[in-house]
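Student: build me a model from this:
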Amino acid sequence: MVDFAVYFLAVILLACYLVLHPVALSVWSVATCILLGSLSWSLIEYCLHRFILHRYLPFSHWHSEHHRQPRAFICTATVVSLGTIALTVYLPLYWLLTPAVAMTFTLGLLIGYLAYAITHHAIHHWDPPRSHWLQQRRKMHCLHHSSPNIYFGVTSNIWDHLLHTTKP
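Tutor: Model (predicted):
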């Protein structure tokens, strides 16, 4: 549950900072960076799930435990996920582009990650799903748990369709 609090707080703090301390970007550029960060999360989510969580130790071991016990609270430590985002997204954008682009893109990515965390938790712990979208997400994710080579996307299955990892 720490993930929810930390990422929610990070999103709120970054958004407040952007409102109180406008960056040297147009409103259009800020919105575009936030949107691109959010959308990029879906590809990152798919790739992490397919190529890291199912292939490399210790992640594959932890993830197989999640498949065996889907209602157990097994997840990546918040310090690891937040540190990874800082080191692989925020800092490279900060150094290669500008602090404003780094902050706005990372805000979008954090929004995407928070949406993923809430969706994944809801799939496994909310009974029954209250929306058609969430029912579909649960259905695809349950198919993934029973056939681990399909449906790697949790918040979206666009990459599953594009990369042919849907049910034949």
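
Student: list the residues that contact Asp160.
Tutor: Asp160 makes contact with Tyr46, Met140, Ile150, Tyr151, Phe152, Gly153, Thr166, according to C-beta atoms under 8 Å, 6 or more residues apart in numbering. Just so you know, the C-beta spots here come from the backbone N, C-alpha and C atoms, and that holds for glycine as well.

Student: can you tell me which of the residues you listed is nearest Leu96?
Tutor: Nearest to Leu96, judged by C-beta to C-beta, of the contacts of Asp160 is Tyr46 at 24.0 Å.

Student: next, the contact list for the residue nearest to the closest one when sequence neighbours are not counted, please.
Tutor: Closest residue in space to Tyr46, ignoring its immediate chain neighbours: Trp159 at 3.9 Å, by C-beta to C-beta, 6 or more residues apart in numbering. Applying C-beta under 8 Å, 6+ apart to Trp159 gives the contacts Ser42, Leu43, Tyr46, Phe152, Gly153, Thr165.

Student: make JSON lines from those residues and add pLDDT, secondary structure and neighbour count to it.
Tutor: What follows is the contacts of Trp159, written out as JSON lines (pLDDT from 0 to 100; DSSP: H, G, I helix; E, B strand; the rest coil; neighbours: other C-beta atoms under 10 Å):
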{"residue": "Ser42", "pLDDT": "93", "secondary structure": "helix", "neighbour count": "19"}
{"residue": "Leu43", "pLDDT": "95", "secondary structure": "helix", "neighbour count": "16"}
{"residue": "Tyr46", "pLDDT": "94", "secondary structure": "helix", "neighbour count": "23"}
{"residue": "Phe152", "pLDDT": "91", "secondary structure": "coil", "neighbour count": "24"}
{"residue": "Gly153", "pLDDT": "93", "secondary structure": "coil", "neighbour count": "24"}
{"residue": "Thr165", "pLDDT": "94", "secondary structure": "coil", "neighbour count": "18"}
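
Student: just the residues you listed now: which is nearest Asp127?
Tutor: Gly153 (21.9 Å).
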